[in-house]
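Colleague: just need the structure, nothing else, for what follows:
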Amino acid sequence: MIEENHTKKELRGVILRKKAKTGNEKVRIIPLGGLEQIGMNITAFETDDSIIVVDCGLAFPEDDMLGVDLVIPDVTYLKDHREKVKGFVITHGHEDHIGALPYILKELNAPVYATKLTMAIIENKLKEHNLLGVVRRKVVTYGQYINLGDFRIEFIRTNHSIADSAALAIYTPAGVIVHTGDFKVDFTPVYGDSIDLARFGELGKKGVLALMADSTNVLKPGFTMSEKSVGKTFDSIFDENEKSRIIVATFASNVDRVQQIINSAHKHKRKVIVEGRSMVNIINVAVELGYIQAPDNIIISIEEMKNYTDEQIVLITTGSQGESMAALSRIAASIHRKIAIKPGDLVIFSSNPIPGNEKSVSKVINELSMKGAKVIFQDAHVSGHACQEELKLIYSLVRPKFAIPVHGEYRHLLRHSELAQEMGIPKENVVIMSSGKVLELKEEGARFAGEVQAQGIMVDGLGVGDVGNIVLRDRQHLSENGLLVVVLTLEKGSNQVISGPDIVSRGFVYVREAENLMDECLEIVNIALDRIYDRGVTDWGRIKAEIKDSLNDFLWKKTKRNPMILPIIMEV
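Modeller: I've put the predicted structure just below:
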């Protein structure tokens, strides 16, 4: 059993140890992802004897990662120091904070600590990977302390676009580090209480060594609107589109948004259908735990949809980011088995595109519009991240000695560093980090102390890490220039050509319309073979290289194209 709340005697021991500090205590902060990018958030905190890991998220592939499904952190450093790793501490249940856990826990099994809803979503993932009986788990409540080696961690209530989000106060030998996780200040949340600003203030009065705060919305002035404001927007949209079937696309994990869609559907006497595997899983968990209040019989199965008219239906679906295999993308492309877009349908995108997804979202919107649907992609979303004034509020309460911006691309981190200086933190105490850099932090100052491996590992189907830069380079080459295969059969012993050479083209030219070019290629190969035999070459490697080089030179001069050329030699 993992440690429960600690006794007063144990806490007194921690306080006494804290008082006995020599002034040379230090803690190392090692981000393994989540910096200079949106997603794949994971940070290790290390002392001489202990490591704790905050979050363990995934990132979605960039455009040049052809065929890759997702990217997970490289935890080589943690595996090399596995005897020190005391546990994973999770701030909330979004994919960019928990998505890599099943993959990492297979290689580095350590206890997982999280709040109730976050843990339920994690358990769903562990079940899919057959890890539920293997991984130790502990549900933590707000205000609870857990001791992990040299660290003591306190969970603090925050608001975000998913319930049960937490900030962390990490008590280290060098001092207290406050990690906000993803957060905003919402005084009227859909579920639960408002952010515990009082606790941030109490920590600030006692003294905070460093603040690691969310940078996602730091470019935006003012305050982020309350999640409840979206509910009024939905009510207005439902009022104005009484005769339409309504389809709402949002993030599967945005439980509060789903609750408000259900509320509006109930007011307008509509039934709700949930589509998309991740959406179904998370909503089932949230309803079961009471985080979504759904009136009896309002949620129906997709098979029951035929029993109702369009004006009686609301579909909640995944695909708000234009993901190719998500439900909305399949509906838009007319490849969904059970749902087809009809003229008059209303589709609401209840999210903003993550940077890099704009093209995919535009494509889906265009496909929906061409099929006669009306599309709303503005005003039906509010962010889950703090804008500038909320960040200033946290800084004024916490009053940290050091500021370490996290969660964002470089432009976000840079603006966040300027904001921290505006709040009175000296420039030399503001640290912009990058993934893999090791920051050594103590009361007297901060310095970079080396670098660890943190490139990200690509997952393609069931393969983890078997797609690297060389494979991606080959895929890029094939996608841009195509493939030519040269096949010839040699007689064993004499190395005389028995059949071939034959040339097969894939993605380079359409052979039937380029017969002359193919004939010229054959002639070039035959000339190369004659040249090889004249020199008495019998080594297959040199024969292949000669064919490849000759064809490459010819095709570049002839077509200004550079296909991948694969000579294949068989022996009989």
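
Colleague: residue 385: what secondary structure?
Modeller: Taking DSSP: H, G, I helix; E, B strand; the rest coil as the rule, one finds residue 385 in the coil state.

Colleague: so how far is residue 38 from it?
Modeller: From residue 385 across to residue 38, the span is 11 Å (C-beta to C-beta, to the nearest Å). Backbone N, C-alpha and C define where each C-beta goes, glycine included.

Colleague: find the residues that touch each one of those two.
Modeller: Residues touching both residue 385 and residue 38 (C-beta atoms under 8 Å, 6 or more residues apart in numbering) are residue 216.

Colleague: now do the same contact list for residue 402.
Modeller: Contacts of residue 402 (C-beta under 8 Å, 6+ apart): 209, 210, 211, 425, 429, 430, 431, 441, 446.

Colleague: now do residue 176
Modeller: Residues near residue 176 by C-beta under 8 Å, 6+ apart: 169, 170, 203, 206, 207, 208, 209.

Colleague: could you do residue 453 as well?
Modeller: Residues near residue 453 by C-beta under 8 Å, 6+ apart: 74, 76, 77, 436.

Colleague: please enumerate the helices of the stretch 151-300 of the chain.
Modeller: For the stretch 151-300 of the chain, applying DSSP state H, counting those that start in this stretch gives helices covering 197-206, 228-240, 255-267, 277-289.

Colleague: what is the least confident helix or strand in this structure?
Modeller: Taking mean pLDDT, DSSP states H and E as the measure, helix 8-19 is the helix or strand of the chain with the lowest mean score, a mean of 43.

Colleague: that one: what's the following helix or strand?
Modeller: strand 27-33 (DSSP states H and E).

Colleague: which other helices and strands contact that next one?
Modeller: Using 3 or more C-beta pairs under 8 Å, 6 or more residues apart in numbering; DSSP states H and E, the elements in contact with strand 27-33 are strand 42-46, helix 76-80, strand 175-179, strand 437-442.

Colleague: out of those, which gets nearest to residue 347?
Modeller: Smallest distance to residue 347 across these (C-beta to C-beta): 34.5 Å, for strand 42-46.

Colleague: looks to me like residue 524 is in a strand.
Modeller: No: assessed with three-state DSSP, residue 524 is helix; it does not lie in a strand.

Colleague: helices or strands up against the strand ranked longest in the chain?
Modeller: As assigned by DSSP state E, the longest strand anywhere in the chain is strand 497-506. In terms of contacts (3+ C-beta pairs under 8 Å, 6+ apart), strand 497-506 is packed against strand 483-490, helix 515-534.

Colleague: let's see it at 10 Å
Modeller: With contacts taken as 3 or more C-beta pairs under 10 Å, 6 or more residues apart in numbering; DSSP states H and E, strand 497-506 sits against strand 483-490, helix 515-534, strand 564-571.

Colleague: relative to the whole chain's centre, how far out is that strand?
Modeller: Here strand 497-506 is found 45 Å from its chain centre; the criterion is C-alpha atoms, centre = their mean, to the nearest Å.

Colleague: what do you get for stretch 531-544?
Modeller: Using C-alpha atoms, centre = their mean, the offset of stretch 531-544 from its chain centre is 50 Å.

Colleague: buried residues, that stretch. List them.
Modeller: 532, 537, 543, 544 (16 or more other C-beta atoms under 10 Å).

Colleague: can you check stretch 348-359 too?
Modeller: Buried residues in stretch 348-359, counted by 16+ other C-beta under 10 Å: 348, 349, 350, 351, 352, 353, 354, 356, 357.

Colleague: out of these, the closest to residue 410 would be?
Modeller: Of all the buried residues of stretch 348-359, residue 410 sits closest to residue 356, with 14.3 Å by C-beta to C-beta.

Colleague: distance of the closest one from residue 411?
Modeller: Residue 356 is 14 Å from residue 411, where distance means C-beta to C-beta.

Colleague: residue 528 too?
Modeller: From residue 528 across to residue 411, the span is 52 Å (C-beta to C-beta).

Colleague: if we can go back for a sec, which pair in the buried residues of stretch 348-359 spans the largest distance?
Modeller: 348 and 356 (22.1 Å).

Colleague: residue 294 - how many residues pack around it?
Modeller: Neighbours of residue 294 under the rule other C-beta atoms under 10 Å: 17.

Colleague: mind listing what it touches?
Modeller: Residue 294 makes contact with 258, 259, 262, 263, 265, 266, 272, 283, 286, 287, according to C-beta atoms under 10 Å, 6 or more residues apart in numbering.

Colleague: go again with 7 Å.
Modeller: When contacts are counted by C-beta atoms under 7 Å, 6 or more residues apart in numbering, residue 294 touches 262, 287.

Colleague: now the phi/psi pair for it, please.
Modeller: phi -120, psi 120 (degrees, to the nearest 10).

Colleague: tell me if I'm right that residue 567 and residue 549 touch.
Modeller: No: counting by C-beta atoms under 7 Å, residue 567 does not reach residue 549; the two are 10.4 Å apart.

Colleague: those two: who's more crowded?
Modeller: Ranked by neighbour count (other C-beta under 10 Å), residue 567 and residue 549 place residue 567 first, with 20 against 12.
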